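Trainee: Sharing a sequence plus its predicted fold:
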Amino acid sequence: MSHLIWHNSGTITARYTYSIIPSVQTKVLFPYNRDIGISYVRLLLHDSMLKDDSHRTGTSTSPICECGSDRETAEHFLFHCTQYQHIRKNTVESALDILKCSKKWSMSDNVEFLLLSPSIDSITKSQNRTVKDLLFEFLSGTKRTL
């Protein structure tokens, strides 16, 4: 019965989470800093305080990022927003270099691979920890609560 509820729930958040974490056995690494951990989980659940998510839930009047170039989605925040370009160079870009070694990596999977790299069979636990540390450093450097 719960299987039917999961598939018929119709919620965007549940479907997105299920798409990147289809197995309950997936181990997720968390940062030591609680605030960064909360931001990380909100990005994982596709239920953050980024403007695109906030607009969808009615807590923001516009989905457009403050940089003005696009909707403030997780992808925009992590990879494209010009406000965080200086932080991204040493963090997110380094993490993506590690992930690009994976046979399963593709440009369209950037967000999921960065947030949940344990699902990638071809990276080691050490590489996964490095990717997560770089991601958490980026989240910390933005000084945003997501």
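Mentor: Right, received. Where do you want to start? Residues are numbered from 1 along each chain as shown.
Trainee: Check the offset of stretch 137-146 from the chain's centre.
Mentor: Averaging C-alpha positions (Cα atoms, centre = their mean, to the nearest Å) puts stretch 137-146 12 Å from its chain's average.
Trainee: Figure out the length between the terminal residues of that stretch.
Mentor: This stretch, stretch 137-146, spans 14 Å end to end (Cα to Cα, to the nearest Å).
Trainee: Could you list the buried residues of that stretch?
Mentor: For stretch 137-146, burial by neighbour count (16 or more other Cβ atoms under 10 Å) applies to 137-140, 142, 146. (Glycine included, C-beta is placed from N, CA and C.)
Trainee: Point out the least confident member of those, please.
Mentor: Within the buried residues of stretch 137-146, Leu146 has the lowest pLDDT, namely 90.
Trainee: Show me what the helix ranked longest in the chain packs onto, helices and strands only.
Mentor: Ranked by residue count, the top helix of the chain under DSSP state H comes out as helix 125-142. Helices and strands touching helix 125-142, by 3 or more Cβ pairs under 8 Å, 6 or more residues apart in numbering; DSSP states H and E, are helix 34-44, helix 85-88, helix 92-99, helix 110-115.
Trainee: how many degrees apart are it and helix 92-99 in direction?
Mentor: Helix 125-142 runs at 170 degrees relative to helix 92-99, counting by axes from the mean of the first three to the mean of the last three Cα atoms, to 10 degrees.
Trainee: circling back: looking at the buried residues of stretch 137-146, which is nearest Lys89?
Mentor: Phe138 (10.1 Å; Cβ to Cβ).
Trainee: Quick check: phi and psi at Gly68.
Mentor: Dihedral pair for Gly68: phi 80, psi 0, per degrees, to the nearest 10.
Trainee: That one: neighbouring residues, count only.
Mentor: Neighbourhood size, Gly68 [other Cβ atoms under 10 Å]: 7.
Trainee: With Glu75 instead?
Mentor: 17.
Trainee: How about the contacts made by the nearest residue to Arg88 once chain neighbours are set aside?
Mentor: In space, and not counting its chain neighbours, Arg88 is closest to Phe138: 6.6 Å by Cβ to Cβ, 6 or more residues apart in numbering. By Cβ atoms under 8 Å, 6 or more residues apart in numbering, the contact set of Phe138 is 78, 84, 87-88, 91-92.
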